[in-house]
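[1] The following block contains a protein sequence and its predicted model.
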Amino acid sequence: MAREAELDLVEVSGTAVPPVCRVMDFGKFLYERTKKEREARKAQTKIEVKEIRLRPKTNEHHRGFKTRDARRWLMDGNKVRVTVRFRGREISYPDLALEDLKEIAEELSDIAAVEQAPALEGKTMSMVLAPSRAPKKKAEGEAKPEAPKPAGE
């Protein structure tokens, strides 16, 4: 039957009793399968993990810059790892770093959720924040709303 139709005889399930075969154009089948796989890969979104690094001595002004960057990344849909690195005897005050991390989590609580709680690993304490709502896609050519016109016109 396959030769008469000038198609291929493809074994679908060899373990079944009796084995199941189909008459099809195998080249076309492979092409369509790879096309579907490419479309599926294109539809996937890759989430990056960005990182901000701090020290226990980082003052609030500089921490504000870092928090603003983290906010921007979270709005873009990326995860953010906040790391506090200890040097020397600073390791004896992990409560300072924990307090900083909690403050950052609270500042970003409107757009982010704590995915991994603060944990001390060696000389670093880190936590991971994930966006809590769907990221906003930046539309190109988005027009600003016009100001209302005066009633006299």
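    Arrived safely.
[2] Would you confirm that M24 contacts E11?
    No. Look at M24 against E11 with C-beta atoms under 8 Å: they stay out of range, at 11.2 Å. C-betas here are computed from N, CA, C, even on glycine.
[3] Tell me the spacing between I111 and A97.
    23 Å (C-beta to C-beta, to the nearest Å).
[4] okay, which residue is most central for this structure?
    Central residue of the chain (C-alpha atoms, centre = their mean): I47, 2.3 Å from the mean position.
[5] what about it, distance to E39?
    20 Å.
[6] cool, and T67?
    For T67, the distance to E39 - C-beta to C-beta - is 38 Å.
[7] Looking at these two, which one has more neighbours?
    Shown here are T67 and E39; by other C-beta atoms under 10 Å, T67 has more neighbours (19 against 9).
[8] On the pLDDT front, check the more buried one for me.
    Note for T67: predicted pLDDT of 92.
[9] Dihedrals phi and psi, it?
    phi -70, psi -40 (degrees, to the nearest 10).
[10] ok, now which ones touch it?
    52, 104, 107-108 (C-beta atoms under 8 Å, 6 or more residues apart in numbering).
[11] now, the most widely separated pair of these?
    Pairwise distances across these peak at 12.1 Å for I52 and E107 (criterion: C-beta to C-beta).
[12] Can you name the residues bridging to Q116?
    V128 (DSSP bridges).
[13] L129 versus that one, what's the distance?
    Distance of Q116 to L129, given as C-beta to C-beta: 9 Å.
[14] and what of S109?
    9 Å.
[15] Let me see the residues that make contact with stretch 73-88.
    With C-beta under 8 Å, 6+ apart, stretch 73-88 has contacts from 45, 47-56, 70, 94, 97, 100-101, 104-105, 108, 111-112, 115, 123-131, 134-136.
[16] Check which residues of it are buried.
    If you call a residue buried by 16 or more other C-beta atoms under 10 Å, then stretch 73-88 has these buried ones: 73-74, 77-86.
[17] Make a markdown table out of those residues and add secondary structure, distance to R63 and pLDDT.
    Listed next are the buried residues of stretch 73-88 as a markdown table, based on DSSP: H, G, I helix; E, B strand; the rest coil; distance: C-beta to C-beta, whole Å; pLDDT from 0 to 100:
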| residue | secondary structure | distance to R63 | pLDDT |
| --- | --- | --- | --- |
| W73 | helix | 15 | 90 |
| L74 | helix | 16 | 90 |
| G77 | coil | 23 | 86 |
| N78 | coil | 19 | 89 |
| K79 | strand | 19 | 92 |
| V80 | strand | 14 | 93 |
| R81 | strand | 15 | 95 |
| V82 | strand | 10 | 93 |
| T83 | strand | 13 | 94 |
| V84 | strand | 10 | 93 |
| R85 | strand | 14 | 94 |
| F86 | coil | 16 | 92 |
